[in-house]
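Visitor: generate a structure from the sequence data that follows.
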Amino acid sequence: MLAAEQAAENVLFVIPSKARDLLFFSTAKKQQIPRANTALRNDSVPVFPPPVKPRPTRNNYETTSGVLMTLNSELLTLNFAGYTGAFWPGAGRASINWSPTMTDLVQTEASFAKPARRTPADFTFIRLKIEGAVARLTLQRPEHNLLNEQMLRELADGIGLIAENGALKMIILDAAGKLFCAGVDIGEYTAERAFSMLDAFHAACIAMVEAPQPVLVIVDGAAIGGGAELVAYGDLVVATPRARFALPEITIGMFPPLASTMFPHIVGPKRALELVLTGEAISAERARDLGLVNRLVPEAQLQTAVNELIGKITAQSGAVLGMAKRAVVGGMGMSLRDSLQNSMKIFLNELYRLEDSQEGLRALLEKRKPQWKNR
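Guide: Numbers count the residues shown, from 1 in each chain. Take a look at the predicted model:
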């Protein structure tokens, strides 16, 4: 049975275990419902005692006959019927809709009930530092920056906070210590932990992709397994010759689910298959040749090269940077026609409404530097 350490305020949070057992939490009261009332099977069974009587509530969705809600984590959708007021008067039934051909199918949908967002003051394994228009996130879990659920949640929450700040133009992801990241902590691979860990990993990677700011990953050491997956979801990568990249999950009877999705877009399907199926490590030079790394620089010149790239990117309009990223990343996986339509839609319907796009044209005609307002 999985446990949810944190949940969204006043939201019923559902965490699946082995696809069929569910654990309910009342975040309003921070109280766990007794496990005896929560075992669910293919058929729906009552999970609460019968109601004494309906109670009025300010919830607009409640009626005297109850409600039907769909609660999602990043990886599973749950349908729940019952009263949305306090737990004790509510009677409800919960069930998972199983596919007739694949009874243990897990649906991938956006999360409705997520853990409450942490603030940087609550972070333990991620350090967030703001420097002008640049936000720097640093992995800091000694000694090898092994990823666990908490670390990935902190990373996702940090990126989420940065994404909401229009004054920030760029995100830097780097790591403390000799290694960038040695992968996922082995304790997270257990059957009891796998779902919540993957849910957190999914949230972190999606946050990197959806953040309007470009994400620059700096790799000055080994990036193994989950570390290599984090690198793949960055928009730009600068590495030193000390960097190594590997997806060794196949050697322990697994495969890297996030890399299996992104690597084909970066290196092509055949090279991605070679990396996934063999688990062999590649050098920084090979990673650059494959397209995983943008720039390869000597260790002594790393900071200079990074500062140069930061200077070039942050000199642009933050609003336009976000649209340009969305045009490129949003077209991945689309047909050429649909990708072109997506890019043109952003260009014509959104870009031309920006003050900065008009300022750029005026500055060009007036032969001066543009004064961006990032809007």
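Visitor: tell me the SS of Thr251?
Guide: Secondary structure assignment for Thr251 (DSSP: H, G, I helix; E, B strand; the rest coil): helix.
Visitor: Val276 versus that one, what's the distance?
Guide: Thr251 sits at a distance of 11 Å from Val276 (criterion: Cβ to Cβ, to the nearest Å). The C-beta positions use only the backbone N, C-alpha and C, and glycine is treated the same way.
Visitor: before we move on, what about Phe347?
Guide: Distance of Phe347 to Val276, given as Cβ to Cβ: 36 Å.
Visitor: more neighbours: those two, which one.
Guide: Val276 (18 against 14; other Cβ atoms under 10 Å).
Visitor: helix or strand for that one, which one?
Guide: For Val276, the enclosing helix or strand under DSSP states H and E is helix 269-278.
Visitor: what's downstream of that helix, the next helix or strand?
Guide: Trace forward from helix 269-278 with DSSP H and E and the next one is strand 282-283.
Visitor: after that following strand, which helix or strand is next?
Guide: Next helix or strand after strand 282-283 toward the C-terminus (DSSP H and E): helix 284-290.
Visitor: what about the helices in the stretch 51-200 of the chain?
Guide: 149-163, 194-210 (DSSP state H, counting those that start in this stretch).
Visitor: what's the most buried one of those helices?
Guide: Looking across these with neighbours counted as mean count of other Cβ atoms under 10 Å, the highest average goes to helix 149-163: a mean of 23.
Visitor: alpha carbons of that helix, as CSV, please.
Guide: The C-alpha atoms that make up helix 149-163 are tabulated as CSV, following Å, rounded to 0.1, in the frame of the first residue of the first chain:
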residue,chain,number,x,y,z
GLU,A,149,10.3,11.0,-4.8
GLN,A,150,10.9,13.9,-2.5
MET,A,151,13.8,15.2,-4.5
LEU,A,152,11.8,15.0,-7.8
ARG,A,153,8.8,16.7,-6.1
GLU,A,154,11.0,19.5,-5.0
LEU,A,155,12.4,19.8,-8.5
ALA,A,156,9.0,19.9,-10.0
ASP,A,157,7.8,22.5,-7.5
GLY,A,158,10.8,24.7,-7.9
ILE,A,159,10.3,24.8,-11.7
GLY,A,160,6.6,25.5,-11.2
LEU,A,161,7.4,28.5,-9.0
ILE,A,162,9.9,29.8,-11.6
ALA,A,163,7.5,29.3,-14.4
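Visitor: give me the helices and strands touching that helix, please.
Guide: For helix 149-163, the contact count by 3 or more Cβ pairs under 8 Å, 6 or more residues apart in numbering; DSSP states H and E identifies strand 126-131, strand 134-139, helix 194-210 as packing neighbours.
Visitor: can you list contacts of that helix?
Guide: For helix 149-163, the surrounding residues in contact (Cβ atoms under 8 Å, 6 or more residues apart in numbering) are 115, 117-120, 122-126, 128, 135, 137, 139, 141, 168, 171, 188, 193, 196-197, 200-201, 203-204, 206-208, 210-213, 215.
Visitor: which ones are touching Ile126?
Guide: Residues counted as contacts of Ile126 (Cβ under 8 Å, 6+ apart) are Leu137, Thr138, Leu139, Gln140, Met151, Glu154, Leu155, Gly158.
Visitor: mind redoing it with 10 Å?
Guide: In this structure, Ile126 makes contact with 118, 120, 137-141, 150-159, 173, 204, judged by Cβ atoms under 10 Å, 6 or more residues apart in numbering.
Visitor: point out where the stretch 1-150 of the chain drops to low pLDDT.
Guide: Within the stretch 1-150 of the chain, the stretches with pLDDT under 70 are 1-114.
Visitor: do that again at 80, thanks
Guide: Under the criterion of pLDDT under 80, the regions of the stretch 1-150 of the chain flagged as low confidence span 1-116.
Visitor: just so I know, which of the helices of the stretch 51-200 of the chain lies nearest Ala363?
Guide: helix 149-163 (27.4 Å; Cβ to Cβ).
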